[in-house]
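Participant: Have a look at this prediction, sequence included:
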Amino acid sequence: MEDVRKISIPCSIKSIPEAKKFVMGIAEEANIPMEMGFKLELSLDEAVMNAIDHGSALKDDQVVEIACLANTNRFIVMITDYGGKPFNPEYFEKLAAKKTWGEGGRGIQLITSMMDEVMYLFNPGRSTTLMMAMHLDKPPEDLSNLGPPDLSLFGDL
């Protein structure tokens, strides 16, 4: 069975460095190439910030859980917040492409452009989980040989 590693961080912007150290440490162990590591770290910054700021609304009594799985095909990161606020990621991605905001507002767009797979799992009133993955073996254009990730490895979402 593949090894899923998890961490729970306080719902605070001050926890982002701890989240990055955890995930990037696993990425280093998995020998993720530098360019992929850069994209992963940027996506992770945005995803954890969104979970803390929007998903859990910076509530001190909340936590954000992060789970990682590295295998020969993929590096998967799952980020779960317990604010229970569903949203439409496609709406925000389209909005970001059209709006001319100053800073911020493009996190979802950045994540989808940097990662190979992005999926949101909503449990309304309970949690939101972002699953993002990078393909490590980078097959040529046909990715159908990978099949969907086995999310059951991550337990109850």
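Facilitator: Good, I have the coordinates.

Participant: Off-centre distance for stretch 108-120?
Facilitator: Computed by Cα atoms, centre = their mean, to the nearest Å, the chain-centroid distance of stretch 108-120 equals 8 Å.

Participant: How far does that stretch stretch from one end to the other?
Facilitator: 11 Å (Cα to Cα, to the nearest Å).

Participant: Surely Phe122 and Met131 touch.
Facilitator: No. Between Phe122 and Met131 there is no contact under Cβ atoms under 8 Å: 11.8 Å. Any C-beta I mention is one placed from the backbone N, CA and C, and that applies to glycine too.

Participant: Looking at these two, which is more packed in?
Facilitator: Met131 (20 against 16; other Cβ atoms under 10 Å).

Participant: Roughly how far does that one sit from Arg5?
Facilitator: Using Cβ to Cβ, to the nearest Å, Met131 is found at 15 Å from Arg5.

Participant: How about Asp53?
Facilitator: From Asp53 across to Arg5, the span is 24 Å (Cβ to Cβ).

Participant: which regions of the protein sit below the pLDDT cut-off?
Facilitator: 1-2, 57-58, 84-106, 138-157 (pLDDT under 70).

Participant: next structured bit after the longest helix along it?
Facilitator: Ranked by residue count under DSSP state H, the longest helix found in the chain is helix 34-50. For helix 34-50, the following helix or strand on the C-terminal side (DSSP states H and E) is strand 63-70.

Participant: in its sheet, what does that next one sit against?
Facilitator: strand 5-10 (antiparallel), strand 74-81 (antiparallel) (DSSP bridges).

Participant: Deepest-packed of these, please.
Facilitator: Of all the strands paired with strand 63-70, strand 74-81 has the most neighbours on average by mean count of other Cβ atoms under 10 Å, namely a mean of 24.

Participant: and the angle for that strand with helix 34-50?
Facilitator: 10 degrees (axes from the mean of the first three to the mean of the last three Cα atoms, to 10 degrees).
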